[in-house]
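Undergrad: what's the 3D shape of this:
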Amino acid sequence: MNDTTSETEIEELRTLARAIRLETLKALTGLGFGHYGGCMSVVETLAVLYGGVMRIDPADPDWPERDDFVLSKGHAGPALYSTLAIKGYFPLAELKTLNQNGTRLPSHPDRLRTRGVDATTGSLGQGVSIAAGMALSHRLAGGATGCSASSATES
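TA: I've put the predicted structure just below:
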């Protein structure tokens, strides 16, 4: 966002953040357990990045010009899944399968199982090194995509 962000754009981001919170709470409540605090602490970051900062295309999640996102604290995966579902990577109803047998939504993000996930994470602190490697790879390939990583020190 920048100094010219309109009140309408800010309200759209607030609405997106509320939707992410709601869908995350519904998914975790349906599951019966999870990292509520960790999920809630990344909602605004996800709303801003997926709400307009990042270049994404849910219809083509492997689009070469997209920006990558690495969620270093993988235990906040349900918030990322809610964001991806809201943005159209997969149906919202799939959030009900969170951490179930055979699901595409395991407890921690897995890029080989979940549409829209750019990096498999879970062990705290690995996301920064993964993002650095991805950024270096993009630079060496002449790309202009960006990488973002949430802090592993958040609750």
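Undergrad: does the closest residue to residue 14 other than its chain neighbours fall in a helix, a strand, or a coil region?
TA: Closest residue to residue 14 apart from its sequence neighbours, by CB to CB, 6 or more residues apart in numbering: residue 47 at 7.8 Å. (Each C-beta comes from the backbone N, C-alpha and C, glycine too.) Put simply, residue 47 is helix when judged by DSSP: H, G, I helix; E, B strand; the rest coil.
Undergrad: what about residue 21, how many residues nearby?
TA: Neighbour count for residue 21, taken as other CB atoms under 10 Å: 17.
Undergrad: and it, what element?
TA: Assigned by DSSP states H and E, residue 21 falls within helix 7-31.
Undergrad: and the next helix-or-strand element following that helix, what does it pack against?
TA: The helix or strand immediately downstream of helix 7-31 is helix 36-40, counting by DSSP H and E. Secondary-structure packing of helix 36-40 (3 or more CB pairs under 8 Å, 6 or more residues apart in numbering; DSSP states H and E): helix 7-31, helix 77-87.
Undergrad: of all the ones you listed, which one is nearest residue 96?
TA: Comparing the helices and strands packed on helix 36-40 by their distance to residue 96 (CB to CB), the top pick is helix 7-31, with 5.7 Å.
Undergrad: residues contacting that closest one, please?
TA: Identification of contacts with helix 7-31 by CB atoms under 8 Å, 6 or more residues apart in numbering yields 1, 34, 36, 39-40, 43-44, 46-48, 50-52, 78-79, 81-83, 85-86, 92, 95-96, 98-99.
Undergrad: that older thread, can you pull the pLDDT of the residue nearest to residue 14?
TA: Looking at residue 47, its pLDDT is 98.
Undergrad: which residues does it contact?
TA: Taking CB under 8 Å, 6+ apart, we find residue 47 in contact with 13, 14, 16, 17, 20, 83.
Undergrad: now do residue 95
TA: Shown in contact with residue 95 (CB under 8 Å, 6+ apart): 23, 26, 27, 78, 81, 82, 85, 105.
Undergrad: pull the most distant pair out of those residues.
TA: Within the contacts of residue 95, 26 and 105 form the most distant pair, 13.0 Å apart (CB to CB).
Undergrad: so if I had to pick from the two, which one is more boxed in?
TA: Taking neighbours as other CB under 10 Å, residue 26 and residue 105 compare with residue 105 leading, 27 against 16.
Undergrad: what kind of secondary structure is that one in?
TA: Secondary structure of residue 105, per three-state DSSP, is coil.
Undergrad: fine, thanks again, bye for now.
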